[in-house]
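Q: okay, predicted coordinates and the sequence, questions at the end:
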Amino acid sequence: MNTNLRDVFGDPARRRCWLLAKALEASPLGEALALAKAAEAFLTGCADAPPEAVAAYHPAVSQLSTLIH
């Protein structure tokens with residue numbers, strides 16, 4: 001499947017699904033949910049994300065952010 005990331009990241013629901021799917025490729029469900037949530041918070045600038053959650057997954061979140069630029 002060739003996904004246009006601009007389309008995915010332009011739709012919040014699709015973005016969250018994509019983030020979770022990518023996180024599930026490398027992590028079990030519990031960790032993948034935390035990773036996807038941290039990535040969503042990072043990408044949207046949400047202040048609700050606990051800093052330790054973002055810090056724990058910083059390399060993965062950074063890698064995800066480079067995919068959309």
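A: It's in.

Q: what mean pLDDT does stretch 44-54 get?
A: Stretch 44-54 comes out with an average pLDDT of 63.

Q: next one: stretch 13-20
A: Stretch 13-20 comes out at a mean pLDDT of 93.

Q: could you check the distance from residue 17 over to residue 27?
A: 16 Å (Cβ to Cβ, to the nearest Å). Glycine gets a C-beta too; all of them are placed from N, C-alpha and C.

Q: of the two, who's got more company?
A: Using other Cβ atoms under 10 Å, the more surrounded residue of residue 17 and residue 27 is residue 27, with 16 against 13.

Q: which SSE is the residue lying closest to the more buried one once chain neighbours are set aside in?
A: What sits nearest to residue 27 in space, not counting adjacent residues and going by Cβ to Cβ, 6 or more residues apart in numbering, is residue 35, at 5.9 Å. In this assignment (DSSP states H and E), residue 35 forms part of helix 29-44.

Q: what residues sit buried inside that helix?
A: Residues of helix 29-44 classed as buried by neighbour count (16 or more other Cβ atoms under 10 Å): 32, 34-42.

Q: cool, stretch 6-13 as well?
A: Applying 16+ other Cβ under 10 Å to stretch 6-13 flags residue 8 as buried.

Q: show residues contacting that stretch.
A: 14-15, 18, 43, 68 (Cβ atoms under 8 Å, 6 or more residues apart in numbering).

Q: ok, those residues vs residue 5, which is closest?
A: For the contacts of stretch 6-13, the closest approach to residue 5 (Cβ to Cβ) belongs to residue 68, at 5.5 Å.
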